[in-house]
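>>> Have a look at this prediction, sequence included:
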Amino acid sequence: MTFNPLEQRGIPLDRQLRNWRELNVKPIDPDHCDPYTRCRIITMNGIEVEAILFSHNLARNTVDPDIKRQLARTRYIEAQQQKVVNWLLPGVSSVLETTIAYEQVAVDLTSWVARMEPDPYLRQAYQFGVLEDFDHLYRYANLYEMIEHRKAEAIVDGLTEVMPGRPTKFHHRDAFDNVRDPYEKDGTDPLSKLHVLTILSAEQQTMNFYMNTGPTYMEPIARQLYQEIGLIEEEHVTHYESLVDPGETWWEQLVTHEYNECYLYHSFMEQESDPKVKAVWELHLNMELEHLHTACDLMRQIDGKDPAEILAPELPNVLTFEPNKQYLRELLDTQMDLTTLGAGYVREAHERFEKMQEQIHGGEEPPSERVMAEHDAMFGREYRVQTEGEHPDRRVKK
């Protein structure tokens, strides 16, 4: 059944404000929930945070006080949505448990987007990034067993494998080589724009999370690993945000943000297994429909353009959280040794890459390697979850 958000009306904006009782949602049970329910929550928190930050930046670049007030009205509701979504996560989860869930989001969300992306250049950007997130999951899972003496399979629940990706120490690249070529706004499939915004928002959320939670640990190896991977997440945000056409107006971007929220809330409502969480997705979809119409009115008023010119005539097929094990294994078999050069990808370690490696590592092993050495010293092995057999890359088979 097709669904065109431009033809649907939601809850009027003046009826969207919620009181404290309505905001006080019951969190999911971490021991009995579907892991992908947790992934959907984390994803939508990242989407709502991006919506809020984008609206603030737009307001700082807007002269008209009436438009500032309109943005503020919608943004306050977005802030309430973010509080509801993120507060669905249980307070009993440790920072590392949440971290592993964040990386599971990165792995399966980016894999699905890469599989569905129609543009070859954008697809390669996702394929490149996901092998790095995959390795981050592996490093954090080993740290988790070291510090909390628990196993990550209780979190990923066999849906996502845990094993080496592109080694984290090779993710540190000269900043020049983290900038990709942008899509062309007038010739790009509207789905591609939604994909970029979705992955950018998720990676930005992870970057912010590691920025703030990394120093809360007392264990030196944990502090150092968060610091290292936190810097890589900055690279990933640069990687993905550079894919956006800078020629898009503020109002085109605002409409795309709101349309993407409708797309994702609709997608997650369609597949959610937890009835209480599904009710949140449905409520927020009906709020976002009205936010989209408000953004469209601003675009018509200021840009003088019809939003239908830049949006898909109906929502794409639902974005789905599902296992991507075989797809990831194909990438592990073919793309482990890639790095970036300018806006493209190469297999050779070029001069800028080698200089960056020399400078940042300073002749020592980075935290991502030391955490594995310490884990091996403690347990006499590394931690993996390989439900589909041996690793496809013979260099790291086990």
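Okay, I see it. Numbering: from 1, shown residues only.
>>> Please enumerate the helices of the stretch 251-398 of the chain.
275-303, 325-335, 351-361, 367-379 (DSSP state H, counting those that start in this stretch).
>>> Name the stretch among the ones you listed that sits most buried.
Between the helices of the stretch 251-398 of the chain, the one whose residues have the most neighbours on average, counting mean count of other CB atoms under 10 Å, is helix 275-303 (a mean of 20). No exception for glycine: its C-beta is placed from N, CA and C like everyone else's.
>>> Now do that helix: which elements does it pack against?
helix 35-60, helix 65-86, helix 250-271 (3 or more CB pairs under 8 Å, 6 or more residues apart in numbering; DSSP states H and E).
>>> let's see it at 6 Å
On a contact count with 3 or more CB pairs under 6 Å, 6 or more residues apart in numbering; DSSP states H and E, helix 275-303 meets helix 65-86, helix 250-271.
>>> what packs against the last one?
Right, the one you point to is helix 250-271. Counting by 3+ CB pairs under 6 Å, 6+ apart, the packing neighbours recorded for helix 250-271 are helix 35-60, helix 190-213, helix 275-303.
>>> relative to helix 275-303, how tilted is it?
Angle of helix 250-271 versus helix 275-303, following axes from the mean of the first three to the mean of the last three CA atoms, to 10 degrees, is 160 degrees.
>>> coming back round to it: export the helices of the stretch 251-398 of the chain to a markdown table and tack on mean pLDDT?
Below are these laid out as a markdown table (pLDDT from 0 to 100):
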| stretch | mean pLDDT |
| --- | --- |
| helix 275-303 | 98 |
| helix 325-335 | 98 |
| helix 351-361 | 98 |
| helix 367-379 | 98 |
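>>> do you know which of those helices lies nearest Ile28?
Ranking the helices of the stretch 251-398 of the chain by proximity to Ile28 (CB to CB) places helix 275-303 first, at 6.8 Å.
>>> ok now that closest one, how far from the chain's centre?
Put simply, helix 275-303 sits 21 Å off its chain's centre (CA atoms, centre = their mean, to the nearest Å).
>>> Please work out the angle formed by the directions of that helix and helix 65-86.
Compare the direction of helix 275-303 with that of helix 65-86 by the same axes, to 10 degrees and you get 160 degrees.
>>> Would you convert the helices and strands packed on helix 250-271 into a markdown table that also reports distance to Leu23?
What follows is these, written out as a markdown table (distance: least, CB to CB, whole Å):
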| stretch | distance to Leu23 |
| --- | --- |
| helix 35-60 | 13 |
| helix 190-213 | 20 |
| helix 275-303 | 11 |
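>>> right, and those - which one's nearest Gly158?
Put simply, out of the helices and strands packed on helix 250-271 the one that sits nearest Gly158 is helix 35-60, at 8.9 Å, with distance taken as CB to CB.
>>> list the buried ones in that closest one?
Along helix 35-60, the positions that meet the burial threshold by neighbour count (16 or more other CB atoms under 10 Å) are 35-52, 54-55, 58.
>>> likewise stretch 246-254?
Of the residues in stretch 246-254, those scored as buried under the neighbour-count criterion (16+ other CB under 10 Å) are 248, 250-254.
>>> between those, which is closest to Ser201?
Proximity of the buried residues of stretch 246-254 to Ser201, judged by CB to CB, is greatest for Gln253, which lies at 12.5 Å.
>>> before we move on, the earlier item: out of the helices of the stretch 251-398 of the chain, nearest to Arg166?
Smallest distance to Arg166 across those (CB to CB): 7.7 Å, for helix 325-335.
>>> List the neighbours of the closest one that are in contact with it.
When contacts are defined by CB atoms under 6 Å, 6 or more residues apart in numbering, helix 325-335 is touched by residues 111, 127, 131, 161, 388, 392-393.
>>> follow-up on the earlier one: could I get the helices of the stretch 251-398 of the chain as CSV with distance to Ser94?
Formatted as CSV, the entries for these read as follows, by distance: least, CB to CB, whole Å:
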stretch, distance to Ser94
helix 275-303, 21
helix 325-335, 26
helix 351-361, 29
helix 367-379, 17
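>>> ok so, going back, closest to Ala101 out of the helices and strands packed on helix 250-271?
In this view, these are compared for proximity to Ala101 by CB to CB, and helix 35-60 is the closest at 5.3 Å.
>>> Kindly calculate the angle that the closest one makes with helix 65-86.
160 degrees.
>>> Helix 35-60 - contacts with which helices or strands?
When contacts are defined as 3+ CB pairs under 6 Å, 6+ apart, helix 35-60 sits against helix 65-86, helix 95-116, helix 190-213, helix 250-271.
>>> tell me the pLDDT at the residue nearest the centre of the chain?
Most central residue of the chain, judged by C-alpha distance to the mean C-alpha position with CA atoms, centre = their mean, is Ala202 at 1.9 Å. Predicted confidence (pLDDT) for Ala202: 98.
>>> can you tell me which residues contact it?
Going by CB under 6 Å, 6+ apart, the list of residues near Ala202 reads 46, 109.
>>> next one: His195
Under the criterion of CB under 6 Å, 6+ apart, the contact partners of His195 comprise 113, 117.
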